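Engineer: The following comprises the amino acid sequence and a computationally predicted model.
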Amino acid sequence: MPGDKILDLGCGNGRFLQIIGEKDIEYFGVDNSEELIRIAREKYPNHNFQTADALSLPFSDNFFDKVYSIAVLHHIPSEEFRIQFLKEARRALKPGGLLILTVWNLWQTKTAWKILIKDTALKFLGRLKLDFKDILYPWKNPKGGIIIQRYFHLFTKRELENLCKKIGLTIKMAGFLEREKERGSNIYIVTEKI
């Protein structure tokens, strides 16, 4: 809506602005990466970007009309921190405001299943301290070809819905967004602060 205050929580280099376009909104982007915020400021100098901790946002209560978080929550380690992340997003929303978020649906990949089985066994043996459904997924760095391990929590749609309900958000809709054929889908959820 024109005039809305929108938070892009985990904005990275600001590329979500390409999707929503230059509408009559007051856009704020936050990320914990100073380098990505620097890039975002260079690309989009007319918008508000800042480095911030998503678990302790630098905004007053009831400040935003909408909070978007695209492909971020599955990188937050531990249920405790995921709940804090969602509570902060809810706190910053106005009553009637919407939290819209997506997480990657890695359940469709053989690699994720293999890692989950291995990591679960290591957890039972006391050799890994991750929570259940947390994995370290190999990720190829496109610049150097180096494989790095990235943390992911393997969300299900039901788990995401239950987490949002647990912190007092009302589910408006949830489902799957299809991505490129070989890359599967994302889980999305739209919630409202009542």
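Structural biologist: Right, received. Where do you want to start? Numbers count the residues shown, from 1 in each chain.
Engineer: May I see the buried residues of the strand or helix carrying L163?
Structural biologist: Applying DSSP states H and E as the criterion places L163 in helix 157-166. Across helix 157-166, burial judged by 16 or more other Cβ atoms under 10 Å covers 157, 159-161, 163-164. Using the backbone N, CA and C atoms, a C-beta is placed for each residue, glycine as well.
Engineer: before we move on, what about stretch 5-19?
Structural biologist: Judged by neighbour count using 16+ other Cβ under 10 Å, the buried positions of stretch 5-19 are 5-17.
Engineer: Tell me which of those residues has the lowest pLDDT.
Structural biologist: Of all the buried residues of stretch 5-19, L17 carries the smallest pLDDT score, 91.
Engineer: what residues does stretch 2-13 touch?
Structural biologist: With contacts defined as Cβ atoms under 8 Å, 6 or more residues apart in numbering, stretch 2-13 is touched by 14, 16-17, 20, 23-31, 33, 36-37, 39-40, 43, 49, 54, 57, 59, 63-72, 89, 92.
Engineer: Go again with 6 Å.
Structural biologist: Residues from elsewhere that reach stretch 2-13 (Cβ atoms under 6 Å, 6 or more residues apart in numbering): 16, 24-29, 31, 36, 39-40, 54, 64-69, 72.
Engineer: Just the buried subset of the residues you listed, written out for PyMOL, thanks.
Structural biologist: To isolate the buried ones among these in PyMOL, judged by 16+ other Cβ under 10 Å, type:
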select buried, resi 16+25+27+28+29+31+36+39+40+54+64+65+66+67+68+69+72
